[in-house]
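Novice: Sequence and predicted structure are below.
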Amino acid sequence: MDIKSRLVSFLLIFFKKELVTVIIASLPIFELRLSLPLAIIKFNFSFGKAYSLSVLGNMLPVLPLLIFFKYFFHKLEYIKFIGRFFKWWFSRVRKRSGVVEKWGFWGLVFFVSIPLPVTGAWTGTVAASLFDFSIKKAFLAIMLGVLLAGLWVGIASFSIDRIMF
């Protein structure tokens with residue numbers, strides 16, 4: 001059993017399927033790339049319900065992260081026990097976020113909307129902090145990106161569910 005399956009099984013013991021969808025969508029790495037297929041294919045939610053819960057869950061941590069990174073961003077690299085991870089994460093974001101640097105707001109929307117690892121809402125908050133976006137502008141760009149990513153992943157999941165199952 002892989003880590004995704006174990007996580008879902010564990011969460012289902014304690015929570016309803018709707019809450020599991022929101023929780024998984026709010027987690028880094030998984031975000032709505034896992035919550036949408038899970039909600040549509042495994043939980044048999046309608047497209048609208050799965051999309052709404054996944055977008056809600058994916059956006060839940062964004063504002064706290066934006067505020068946290070805005071005020072503590074440069075201090076994170078110097079925290080002894082987690083500094084190495086943040087240095088690694090920030091350098092990866094710097095390397096992969098040229099589109100954000102070049103295109104600004106719309107670059108951030110595009111960056112977050114690509115449903116691939118290290119391009120979601122969590123990484124978008126780091127990119128927004130790196131390029132000194134205002135919290136309001138960053139939140140809007142990330143929200144638009146999450147809405148678009150949700151469409152891509154949701155349509156793919158819905159199509160796979162209809163074809164395969």
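Specialist: Nice, I can see it.

Novice: C-alpha from now on. contacts and neighbour counts both.
Specialist: OK.

Novice: which SSE is the closest residue to I41 other than its chain neighbours in?
Specialist: Spatially, and ignoring its direct neighbours in sequence, I41 is nearest to D161 (5.6 Å; C-alpha to C-alpha, 6 or more residues apart in numbering). Secondary structure assigned from DSSP states H and E places D161 in helix 135-164.

Novice: Give me the average confidence score over that helix.
Specialist: Helix 135-164 shows a mean pLDDT of 92.

Novice: quick one: it to chain centroid distance?
Specialist: Distance of helix 135-164 from its chain centroid, counting by C-alpha atoms, centre = their mean, to the nearest Å, is 10 Å.

Novice: burial of the residue nearest to I41, as a residue count?
Specialist: 15 (other C-alpha atoms under 10 Å).

Novice: next one: the one 3 residues further on
Specialist: Other residues lying near M164 total 7 when counted by other C-alpha under 10 Å.

Novice: now it: how far from S157?
Specialist: 10 Å (C-alpha to C-alpha, to the nearest Å).

Novice: same deal with L148?
Specialist: For L148 relative to S157 (C-alpha to C-alpha), the value is 14 Å.

Novice: before we move on, what about K137?
Specialist: Where S157 is concerned, K137 sits at a distance of 30 Å (C-alpha to C-alpha).
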